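Chemist: Sequence first, predicted coordinates after that:
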Amino acid sequence: MRYFFLILIFAASTANAQSANRADKKSLCRIKKSVSFLANDKLEGRRTGTAGEKLAYEYISKKFKKAGLLPYGDAGTYLQAFEASSKEKRTGHNVVGYIDNKATSTIVLGAHFDHLGYGEDKNSMYSGSTPMIHNGADDNASGTASLIELAKWLKKSNLKKYNYLLIAFSGEELGLFGSKYFTEHATIPIKSVNYMINMDMVGRLNDSSRSITVGGYGTSPTWGQLIKQDHSYLRIKLDSSGSGPSDHTSFYRKDIPVLFFFTGTHSDYHKPTDDKEKINYNGMLQIIAYIKNILTTTNDQEKLAFTKTREVSMGRTSFKVTMGLMLDYTFAGPGIFVEGVSSGKPAEKAGILKGDIILQLGEYAIPDVENYMKALGKFDKGQTTTVKLKRGNQELILPVVF
């Protein structure tokens, strides 16, 4: 009899494992399709206010409808229009879907779906002279595909203590226009929001390091109980700040706890080479599973308390000059940590390398990213200055020409 029961247990566990594998394969197929569509050349880089943005928001709207989400944008639609401007005024669109569990509080999940088009807004790291489409597979088709997958899962789940609002933002690359607009014109009472999870660039998990940054750790004491660095697969890198260069900042500034998931910058960041072939889809599945676990755990808890944290610069301000640096926004300082250097830009020409820690720009001390941004705004094209940096145990001073 005991042997018979052991066979039953083994058969049941095998069936469960096979069922989980089938679910993972289906999920993998769905996120691949979403990234492939959003990062396709026909969308021409999903620049805010363009025909490519329209193709993207129509696709996301259809996926939200298919998942069973209620339209929670303007006038009974999934779309929320807003005005965005850089050099030109244009209309962008958020895509907003809702799961109504008749609860008093709501959890918000978000990701931006806009990208750089052909680089017309001067926010590209591409140094070539021929205009090229920036498909933004990692930035941020990866986050949007994850959002769509979570919408499908949440609608079918038994998580009923909270309502869920899922928002695909546009205008992020221009300065968080979409998320700023939503928090000022929310389609639910903004005070009812429990917390917000933002997924921006979650598609390039490194298979060897498996490192992912989770920002916003300090925005609620509850995160300290839930977010652990000793995950069985992912290596969690914590950042306490509730602000940073993505849409969670807009919610943090409304005193809402946030979490920000980010697999890091890379050499294809804001370049035409950020394509679907370079996405780690299995890594995306791991991150989605991690977020599901957070949602499941908080379903058993009361509304989270909010705490303020240190501020980190948005990194989206328009400057007359650029250094061509990719920064580690989680670096605690002093100084700013260089994650990457763009080809042909002043930083590369000056000899700045990945791993350098910049301490001073001209006469301006650089204790953190915020002060770096302020210092950068003091310079004009054609000006010459110096940069003081630390490279290993060396301290160097290099000439920079903007």
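Modeler: Noted; the coordinates are in hand. Computed from a predicted structure; not experimentally measured.

Chemist: Quickly list the domain ranges of the protein.
Modeler: According to automatic domain parsing, the chain comprises the domains 34-298, 325-401.

Chemist: tell me the most buried of those?
Modeler: Counting by mean count of other CB atoms under 10 Å, domain 34-298 has the highest mean neighbour count of those, with a mean of 21. In short, each C-beta sits where N, CA and C put it, glycine included.

Chemist: what about that domain, how long is it end to end?
Modeler: Terminal residues of domain 34-298 lie 28 Å apart, using CA to CA, to the nearest Å.

Chemist: average model confidence for that domain?
Modeler: Averaging pLDDT along domain 34-298 gives 95.

Chemist: Show me where the protein has its helices.
Modeler: With DSSP state H applied, the chain shows helices at 2-38, 51-67, 143-156, 177-184, 221-226, 248-252, 281-298, 346-350, 369-376, listed in chain order.

Chemist: Export those helices as a markdown table, with columns for distance to Val401.
Modeler: What follows is those, written out as a markdown table (distance: least, CB to CB, whole Å):
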| stretch | distance to Val401 |
| --- | --- |
| helix 2-38 | 38 |
| helix 51-67 | 35 |
| helix 143-156 | 36 |
| helix 177-184 | 33 |
| helix 221-226 | 44 |
| helix 248-252 | 32 |
| helix 281-298 | 39 |
| helix 346-350 | 6 |
| helix 369-376 | 14 |
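
Chemist: excluding its backbone neighbours, what's nearest the residue nearest the centre of the chain?
Modeler: The centre of the chain sits closest to Asp200, judged by CA atoms, centre = their mean, with a distance of 1.2 Å. Spatial nearest neighbour of Asp200, excluding adjacent residues (CB to CB, 6 or more residues apart in numbering): Ser246 at 4.3 Å.

Chemist: give the contact list for that neighbour.
Modeler: 112, 172, 176, 198, 200, 260, 262 (CB atoms under 8 Å, 6 or more residues apart in numbering).

Chemist: tell me which residues form a beta bridge with the first one?
Modeler: Think His112. Here His112 sits in beta bridges with Phe169, going by DSSP bridges.

Chemist: That one contacts Glu172, doesn't it?
Modeler: Yes. Under the criterion of CB atoms under 8 Å, His112 makes contact with Glu172 at 3.5 Å.

Chemist: okay, the domains of the chain in JSON lines with distance to Lys25 next?
Modeler: Listed next are the domains of the chain as JSON lines, based on distance: least, CB to CB, whole Å:
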{"stretch": "domain 34-298", "distance to Lys25": "10"}
{"stretch": "domain 325-401", "distance to Lys25": "33"}
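
Chemist: which one of those domains lies closest to Asn21?
Modeler: domain 34-298 (11.5 Å; CB to CB).

Chemist: thinking again about what came up before, quickly list what's touching both of His112 and Glu172.
Modeler: Common neighbours of His112 and Glu172, using CB under 8 Å, 6+ apart, are 140, 178-179, 200, 246-247.

Chemist: Just the closest of those residues to Asp74, please.
Modeler: Out of the shared contacts of His112 and Glu172, the member with the shortest distance to Asp74 (by CB to CB) is Gly178, at 13.2 Å.

Chemist: which residues touch the closest one?
Modeler: Neighbouring residues of Gly178 by CB under 8 Å, 6+ apart: 82, 84, 92-94, 112, 114, 169-172, 247.

Chemist: Select from those residues every entry located in strands.
Modeler: Among the contacts of Gly178, the members falling in strands (DSSP state E) are 82, 84, 92-94, 112, 169.

Chemist: which among the residues you listed gets closest to Ser342?
Modeler: Ser342 has its nearest neighbour among the ones in strands among the contacts of Gly178 in His112, at 21.5 Å by CB to CB.

Chemist: Quickly note the distance from the residue lying closest to Tyr195 once chain neighbours are set aside to Ile397.
Modeler: Distances taken as CB to CB, 6+ apart put Pro257 closest to Tyr195, at 4.1 Å, once the chain neighbours are dropped. Pro257 sits at a distance of 42 Å from Ile397 (criterion: CB to CB, to the nearest Å).

Chemist: How about Ile358?
Modeler: 11 Å.

Chemist: Between these two, which contacts overlap?
Modeler: Contacts common to Ile358 and Ile397, judged by CB under 8 Å, 6+ apart, are 387-389.

Chemist: With distance to Ser192 and pLDDT as added columns, please give those in CSV.
Modeler: Shown next, in CSV, are the shared contacts of Ile358 and Ile397 (distance: CB to CB, whole Å; pLDDT from 0 to 100):
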residue, distance to Ser192, pLDDT
Val387, 47, 95
Lys388, 48, 95
Leu389, 47, 94
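
Chemist: which of those lies closest to Ser129?
Modeler: Val387 (26.6 Å).

Chemist: coming back round to it: so can I have TSV of the shared contacts of Ile358 and Ile397 showing distance to Gly76?
Modeler: Shown next, in TSV, are the shared contacts of Ile358 and Ile397 (distance: CB to CB, whole Å):
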residue	distance to Gly76
Val387	54
Lys388	57
Leu389	55
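
Chemist: thinking again about what came up before, so what's the residue nearest to the centre of the chain up against?
Modeler: 111-112, 139-140, 143, 172, 246-247, 260-262.
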